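>>> What follows is a predicted structure for the sequence shown.
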Amino acid sequence: MARNKESLLLLLDVGPSMHCVLPDIEKACSTLIVKKLMHSKYDEAGIVLFGTKETDNELTTEVGGYEHVMVLKSIKVVDGDIVDALQQLPRGTANGDFLDAIIVGMDMLIKKFGDSNKGKKRLCLITNAHCPIKDPFEGKKEDQISTIGKQMTAHGMRMESIIVRGKHSHAVNKRIMDENDSLLSIFSKETDARLLYAGDSISLFGALRARNISPVTVFRGDLEVSPKLTIKVWVYKKTAEEKFPTLKKYSDKAPSRDISATHEVKVDFEFKKFEDSKNVVPPDQRIKGYSYGPQIVPISSAEWEAVKFKPEKGVKLLGFTDSSNIFRHHYMKDVFIFIAEPGNNKATLAVSALARAMKEKNKVAILRCVWRQGQGNVTIGALTPNVSDREDIMDSFYLNVLPFAEDVREFQFPSFSNLPAHLQPNQQQLEATDNLVKLLDLAPDGEEKVLLPEFTPNPILERLYHYLDLKSKHHDAAVPPLDNTLKKITVPDADLLMQNRSVIDSFCMSFELKENPKRKKSRNMLQDTGSHYTEGEGKTEITTQPQHVNLIEPASNVKVEKIGDITPVQDFEAMLARRDSPDWVDKAIKGMCNKIFDLVEDSHKGDNYPKALEYLIALRKGCILAQEPEQFNKFLRHLCNFCQEKDLKSFCDYLATEGLSLISPKQK
């Protein structure tokens, strides 16, 4: 683990022009070190400040110059002292020279590591780049930047420059700012450096990365276009969800003076029979099984291996289709990126030609992917071309996983066109809604986009890191309220709502708003959605006191009080036959109506229609015997109207083909 450690040096501008954003920088940088304490406890970090009143660095003592640059913390293994130092940064009084800070930081890394630890040395510069840098003794500033960049590359250093600029209340020299931007861009062009702009505290949190995860291939091999044509490709994950840190079990039973105690808790399981709880069942007498109705079907490990699907490793092209046939909402799981095998010119040329041809024809490829040998599943995905407009970046593909038929969910929602004319939105309501949508647009025309995915941190994780740091110092600390920066991610911007209050008021005035009364929860989902059969104005329910059933009494003597899921027809007939109260007839009819509604609404492509028909026939017969034909006729009409509104007309057609009709006067 230690061989992968990273050495990070924070170069922070604390000059007067940065004072307004230093609180956000303190929170973001301290959270950065807290993340390293959790995920990379062997990493090292240091802090260099520029724009300070004092000067404290080795280069000033050795060669002179480099004024107003102070080494706040030398490079060492991350600990709580660095977090505390970042939470109380001094406020400088001088204009900061970011180039001096970069040179001081490079000198510190070179003196500590020399040419070792290549690729694991990182400089992180945070400034607004408002102050000019000094002219070099010889040549131009651009030449000086190029020379520094070459030295940075030679010693295996990486750098990221984060330019913090928001809404400024004071005048800014645009010429100096543009010059500094141009100079910093030279680092990103000639070295392994990133140049980022953070317009607010949210993007600052997202721009500071605790760790740069090294790319690991999920597949290396042939992209089989045809049996006679293959292309050597490497496949990486483009995106992946950042998981919540794993909690570990901890025990305080070990003696406090025992330094070698790990406090680790080991968990072991014992399997015992229900009848014999004293003896432990050995592993060779255990077997896994699947629930199949009321029984358990045992499957041995040998049988499981025999029935398991074992596809061969490989990526095969199944064909091409228009990009319009692939819907964004069908994308599943993570995104993969396909690149040509590094150093293989033929593969690079083939990938580039295929990607550009697909883009020109507006096509996507459908692939069958098995990433490794022995993989238990097959991935079907859409391969989209990613054509680069830079010479130093080669063309590639993005792969999005597509669903199988079992993964697709078909949801049927009622349309506005089915509503009466007086319930459909008018022109005024549509305009008020359009204005509300434009008001809350996160990407307004001519302005910077808000909450970009690559710069928006996960507020849940950020809050966890902050609380862990607080808990490490105060064991009885309570959970603090949500930070204002994280609130901007989770709640609407209060200033934006106040500035556009008239638009919101206009939207509210265009609609009649009513408070939704709290309704009593019911086990039956259809009752909550209001799709139950009701007779008259409201639905009458029969409430009875629960009766204590004697389990020793024969089942034939047990009185049925509701229609169950196992034998609903028999329960319905038993309730109709009860003579202890006349209310049981109404309760039985309404219970059967609700069961039929459940089946019809939950039906997928008519799979529940036969069972619903069976229940309807039983209901019709029961209503004739109970001399309640009007209840059946009203329910059947209500059910057909419901099916017409919910695009379930196929059920009405099904009833017509089966000959089910209303109860006629002759049958009463």
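Yes, it's here.
>>> From what I see, residue 244 and residue 458 are in contact.
No: look at residue 244 against residue 458 with C-beta atoms under 8 Å: they stay out of range, at 9.3 Å. Every residue, glycine included, has its C-beta placed from N, CA and C.
>>> Who has more neighbours out of these two?
residue 458 (15 against 10; other C-beta atoms under 10 Å).
>>> number of nearby residues for the residue nearest to the more buried one when sequence neighbours are not counted?
With sequence-adjacent residues excluded and distances taken as C-beta to C-beta, 6 or more residues apart in numbering, residue 458 is closest to residue 242, at 6.3 Å. Other residues within reach of residue 242, judged by other C-beta under 10 Å, total 9.
>>> roughly how far apart are residue 242 and residue 436?
In this view, residue 242 and residue 436 are 33 Å apart by C-beta to C-beta, to the nearest Å.
>>> before we move on, what about residue 173?
From residue 173 to residue 436 the distance is 40 Å (C-beta to C-beta).
>>> Who has more neighbours out of these two?
For residue 173 versus residue 436, neighbours defined as other C-beta under 10 Å are more numerous around residue 436 (16 against 11).
>>> and the more buried one, what is it in contact with?
503-504, 507 (C-beta atoms under 8 Å, 6 or more residues apart in numbering).
>>> mean confidence for whatever helix or strand it lives in?
Per DSSP states H and E: residue 436 is located in helix 427-439. For helix 427-439, mean pLDDT is 89.
>>> neighbours of the residue lying closest to residue 372 once chain neighbours are set aside, just the number please.
In space, and not counting its chain neighbours, residue 372 is closest to residue 313: 5.9 Å by C-beta to C-beta, 6+ apart. For residue 313, the neighbour count with other C-beta under 10 Å is 13.
>>> what does residue 652 give?
The number of residues near residue 652, taken as other C-beta under 10 Å, comes to 15.
>>> How about the secondary structure of it?
helix (DSSP: H, G, I helix; E, B strand; the rest coil).
>>> Test my guess that it contacts residue 637.
No: under the criterion of C-beta under 8 Å, residue 652 is not in contact with residue 637, lying 10.9 Å apart.
>>> separation between residue 583 and residue 591?
Relative to residue 591, and taking C-beta to C-beta, residue 583 is found at 12 Å.
>>> the more surrounded of these two?
residue 591 (21 against 13).
>>> show me what contacts the more buried one?
Here residue 591 is in contact with 562-563, 572, 575 (criterion: C-beta under 8 Å, 6+ apart).
>>> can you check residue 66 too?
55, 57, 59-60, 100, 103-104.
>>> Reformat those as a markdown table; add neighbour count, secondary structure and pLDDT.
Below are the contacts of residue 66 laid out as a markdown table (neighbours: other C-beta atoms under 10 Å; DSSP: H, G, I helix; E, B strand; the rest coil; pLDDT from 0 to 100):
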| residue | neighbour count | secondary structure | pLDDT |
| --- | --- | --- | --- |
| 55 | 17 | coil | 91 |
| 57 | 23 | coil | 91 |
| 59 | 18 | helix | 90 |
| 60 | 17 | helix | 89 |
| 100 | 23 | helix | 90 |
| 103 | 19 | helix | 91 |
| 104 | 21 | helix | 92 |
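>>> how about the helices of the stretch 551-668 of the chain, start to end?
568-577, 583-601, 609-625, 629-645, 649-658 (DSSP state H, counting those that start in this stretch).
>>> Show me the one of the ones you listed that comes nearest residue 347.
helix 649-658 (52.1 Å; C-beta to C-beta).
>>> Output the closest one as PDB, nothing but the C-alphas.
Output of helix 649-658 as PDB, limited to C-alpha atoms (Å, rounded to 0.1, in the frame of the first residue of the first chain):
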ATOM      1  CA  LYS A 649     -59.300  -1.100 -23.500                       C
ATOM      2  CA  SER A 650     -57.900  -4.600 -24.300                       C
ATOM      3  CA  PHE A 651     -59.500  -5.900 -21.100                       C
ATOM      4  CA  CYS A 652     -63.000  -4.700 -22.300                       C
ATOM      5  CA  ASP A 653     -62.400  -6.400 -25.600                       C
ATOM      6  CA  TYR A 654     -61.400  -9.600 -23.700                       C
ATOM      7  CA  LEU A 655     -64.600  -9.600 -21.700                       C
ATOM      8  CA  ALA A 656     -66.700  -9.100 -24.900                       C
ATOM      9  CA  THR A 657     -65.000 -12.100 -26.500                       C
ATOM     10  CA  GLU A 658     -65.700 -14.200 -23.400                       C
END
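>>> who touches it?
600, 603, 606, 609, 612-613, 616, 640, 643-644.
>>> ok, now with 10 Å
599-601, 603, 605-606, 608-610, 612-613, 616-617, 636, 639-644, 648, 660-661 (C-beta atoms under 10 Å, 6 or more residues apart in numbering).
>>> relative orientation of that helix and helix 583-601 in degrees?
For helix 649-658 against helix 583-601, the angle by axes from the mean of the first three to the mean of the last three C-alpha atoms, to 10 degrees is 110 degrees.
>>> pLDDT below threshold where in this structure?
1-4, 117-119, 167-171, 211-212, 446, 516-558, 666-668 (pLDDT under 70).
>>> contacting residues for residue 55?
Contacts for residue 55 (C-beta under 10 Å, 6+ apart) come out as 61, 65-70, 94, 100.
>>> An error on my part: the question was meant for residue 473.
80, 83-84.
>>> Just the buried residues of the residues you listed.
The neighbour-count test (16 or more other C-beta atoms under 10 Å) applied to the contacts of residue 473 identifies residue 83 as buried.
>>> how about the contacts of residue 473 in CSV, adding distance to residue 226 and secondary structure?
Shown next, in CSV, are those (distance: C-beta to C-beta, whole Å; DSSP: H, G, I helix; E, B strand; the rest coil):
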residue, distance to residue 226, secondary structure
80, 60, helix
83, 58, helix
84, 63, helix
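>>> out of the contacts of residue 473, who's nearest residue 21?
Of these, the one sitting nearest to residue 21 (C-beta to C-beta) turns out to be residue 83, at 19.3 Å.
>>> ok, the residue positioned nearest the centre of the chain - contacts?
Centroid-nearest residue in the chain: residue 241, 6.6 Å away (criterion: C-alpha atoms, centre = their mean). Counting by C-beta under 10 Å, 6+ apart, residue 241 makes contact with 333-334, 458.
>>> Equivalent analysis for residue 62, please.
Residue 62 touches residue 107, counting by C-beta under 10 Å, 6+ apart.
>>> where's it relative to residue 111, distance?
For residue 62 relative to residue 111 (C-beta to C-beta), the value is 11 Å.
>>> which one of the helices of the stretch 551-668 of the chain is the most hemmed in?
Each of the helices of the stretch 551-668 of the chain was scored by mean neighbour count; the highest is helix 583-601, a mean of 21, by mean count of other C-beta atoms under 10 Å.
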